Every structure is written in structure tokens, then in C-alpha cells.
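Colleague: Fold the following for me, if possible:
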Amino acid sequence: MPLNLSDMQKQELATSYACMILSDCEAKINDENINKLLSAASMKVEPYLPKLFSQLLAGKDLNEMFSKVGGAPAGGAAGGAGGAGEGEAGEKKEEKKEEEEDDDVGFDSDDDDE
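Modeller: Next up, the predicted model:
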């Protein structure tokens, strides 16, 4: 399935990948290193992108950021609901847990009547 990305999106993606590569190699994420990687990949980007990304990521640990993203719970859409939304979410989890327990009733995995 080919991606239909605009030229700008391709440039931003390439710059993002360069930052991830630098982070993975534990190299400093700065515009000079980003430009080196992009030129090695024969990728031309707008001159401001490497500087923008390096300033955006200054003092941040990308590996830590990625590890936190993977463990985030679903349900961020109800962020404006405040504390009331949390109570409802807890009740729904409890109901779901009870339903799962009810589904197991009558199921005997050690059926010796065969």
C-alpha cells in the first residue's frame, strides 16, 4: 500500500527518522548531525527543518518518550470530562470484569464425560 505523502510530509518524515537514528546511536541531535544523515540518504529538505527539529528535541530523551507512548492507556478522548469521567470508566471496567467471570460459568475444561 503506497503512501500518498506530500513533498513536505516526506521531508518532515525524513527529518524525524534522522532524529530517531541519532537518538538510537546516542549521538547528539543537532541540525548539523541531522543534515549529515539526510545528505548521506540523498534526501533534500527545507533548510529550517533540521534546526526546528533539533530545537524541539533539545534536552529530551527520544528513547524515553517512545517507551512512555507504548504504555499509554486508551480512552484519552474523554480528557475534558474531569473527575466524573474517571468514576464511570472504573465502573465500566468493573462491569466488564464481572461479565468475563460470568462467561466462564459452566465451562469445564476437565470434562471427563467423553
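Colleague: Three-state assignment for Leu49, please.
Modeller: helix (DSSP: H, G, I helix; E, B strand; the rest coil).
Colleague: ok, for it, nearest residue in space, not its chain neighbours?
Modeller: Thr15 (4.7 Å; Cβ to Cβ, 6 or more residues apart in numbering). The C-beta positions use only the backbone N, C-alpha and C, and glycine is treated the same way.
Colleague: mind checking the backbone torsions on Cys25?
Modeller: Note on Cys25: its backbone torsions stand at phi -90, psi 0 [degrees, to the nearest 10].
Colleague: Neighbours of it, how many?
Modeller: Using other Cβ atoms under 10 Å, Cys25 is surrounded by 10 other residues.
Colleague: so what's the residue lying closest to Met43 once chain neighbours are set aside up against?
Modeller: Using Cβ to Cβ, 6+ apart and skipping the chain neighbours, the partner closest in space to Met43 is Ala14 (4.6 Å). Residues in contact with Ala14, defined by Cβ atoms under 8 Å, 6 or more residues apart in numbering, are 38, 41, 43, 45.
Colleague: ok, the first one touching Ala18?
Modeller: Same thing as Leu38. Yes: at 5.5 Å, Leu38 counts as touching Ala18 under the criterion of Cβ atoms under 8 Å.
Colleague: who touches both of the two?
Modeller: Pro50.
Colleague: between those two, which one's more packed in?
Modeller: Ala18 (25 against 19).
Colleague: Could you check how far that one is from Val69?
Modeller: From Ala18 over to Val69 the distance is 19 Å, taken as Cβ to Cβ, to the nearest Å.
Colleague: do Asp24 as well
Modeller: Between Asp24 and Val69 the computed distance is 15 Å (Cβ to Cβ).
Colleague: Quick one: residues in contact with stretch 29-42.
Modeller: By Cβ under 8 Å, 6+ apart, stretch 29-42 touches 14-15, 18-19, 21-23, 27, 44-45, 50-51, 53-54, 57-58, 62.
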